[in-house]
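# Okay, here's the prediction I keep looking at, along with the sequence it came from:
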Amino acid sequence: MTRILGIDPGSRTTGFGLIDVEGSRMRMVVAGCVRCVAGNFPSRLKIVYDGIMEVVTEYRPDEMAVEEVFVHKNANAALKLGQARGAAICAGLSRELPVFEYAARRVKQALVGKGGADKHQVQHMVKVLLNCHDELSTDASDALAVALCHAHYQQTRQRYATVVS
């Protein structure tokens, strides 16, 4: 069994989701958010780091998958997002977790079948794939989507390695 921690980074809200993968079976362990509601930006980065560190310490994932930063119009927002992402990655690396990165389009492609899927489509597929009936925040479901994407790519790599050997 492999436990995967998915991260949807944000400077105000960082989503996390853990899944257990055994063969083709996937099960949600926990999902939630680290919320940074107050404080200056460096203080919020510490909250992200501490929050992800707490998740890593309590649930002991085997691997971490993180969504890459998407730069659209606001360069300052992208820089802050990148720093929050870095804080989350450092929390995983401090526990020796291997970290994998996926573009948002790749995550959407793996779950929905098209890279331009909207958040509602992604959230729906997360719930279907994990047989989840709970209400999930968008950030938590996006983090679970990253974990599911990673599980899919890892399974594909293993199948390919078996065929090539």
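Happy to help now that I have it.
# Distance check, Thr13 against Gln158.
Distance of Thr13 to Gln158, given as CB to CB, to the nearest Å: 33 Å. To be clear about C-beta, it is placed using only N, CA and C from the backbone, and glycine gets the same treatment.
# Mind checking which of these two has more residues around it?
Taking neighbours as other CB atoms under 10 Å, Thr13 and Gln158 compare with Thr13 leading, 18 against 10.
# Show me the beta-bridge partners of Ile7.
Phe16, Val66 (DSSP bridges).
# what number of residues lie near it?
30.
# Kindly report the same for Ile19.
Neighbour count for Ile19, taken as other CB under 10 Å: 26.
# what about it, is that helix, strand or coil?
Three-state call for Ile19 (DSSP: H, G, I helix; E, B strand; the rest coil): strand.
# any idea which element the residue lying closest to it once chain neighbours are set aside lies in?
Leaving aside its sequence neighbours, Ile19 sits nearest to Ala147 (CB to CB, 6 or more residues apart in numbering; 4.8 Å). Assessed by DSSP states H and E, Ala147 sits inside helix 138-164.
# What residues sit buried inside that helix?
Within helix 138-164, the residues scored as buried using 16 or more other CB atoms under 10 Å are 139-152, 154.
# how about the strands in the protein?
Taking DSSP state E to define them, one finds strands in the chain at 2-8, 13-22, 25-35, 63-67, 99-102.
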